[in-house]
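**Q** Predicted model and sequence follow; I will ask about them next.
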Amino acid sequence: MIIVYSMEGCAQCVQAAKLLERKGVPFEVVKIDEDFEAYDFLKREGHRSMPQIYQDGKLLIQGGYSGLTKLTDEQWVALK
């Protein structure tokens, strides 16, 4: 499962979710300003910006939304 760690007012978080939707990739959004365990997890991982995109507990791509835009067609297919 892909998780998009997001926060209120984050335009790139919204863009990342929309891109995943357009590509037909299932995902869940977790808002770190509402989920303190998620906030603590990302803080321990050293993240300071959003979105952070994880798959099966591991960072999927560096760079959040901009990282997603660099995926190849083959990588998008693999995410489905």
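**A** Sure, I can see it.
**Q** Quick check: S66 is in a strand.
**A** No. Under the criterion used here (DSSP: H, G, I helix; E, B strand; the rest coil), S66 is helix, not part of a strand.
**Q** Where does Y39 fall, secondary structure wise?
**A** With elements delineated by DSSP states H and E, Y39 resides in helix 36-45, which encompasses its position.
**Q** Give me the contact list for that helix.
**A** Outside of helix 36-45, the residues within contact range by C-beta atoms under 8 Å, 6 or more residues apart in numbering are Y5, V30, K31, I32, D33, Q52, L59. C-beta here means a position set from N, CA and C on the backbone, and glycine is covered the same way.
**Q** average pLDDT for it?
**A** Throughout helix 36-45, pLDDT has a mean value of 96.
**Q** for stretch 5-20, same thing?
**A** Mean pLDDT, stretch 5-20: 97.
**Q** gap between that stretch and the chain center?
**A** 8 Å (C-alpha atoms, centre = their mean, to the nearest Å).
**Q** And the longest helix along the chain, what's buried?
**A** Identified as the longest helix of the chain according to DSSP state H is helix 11-22. Counting neighbours by 16 or more other C-beta atoms under 10 Å, one finds that the buried residues in helix 11-22 are Q12, C13, Q15, A16, A17, L19, L20.
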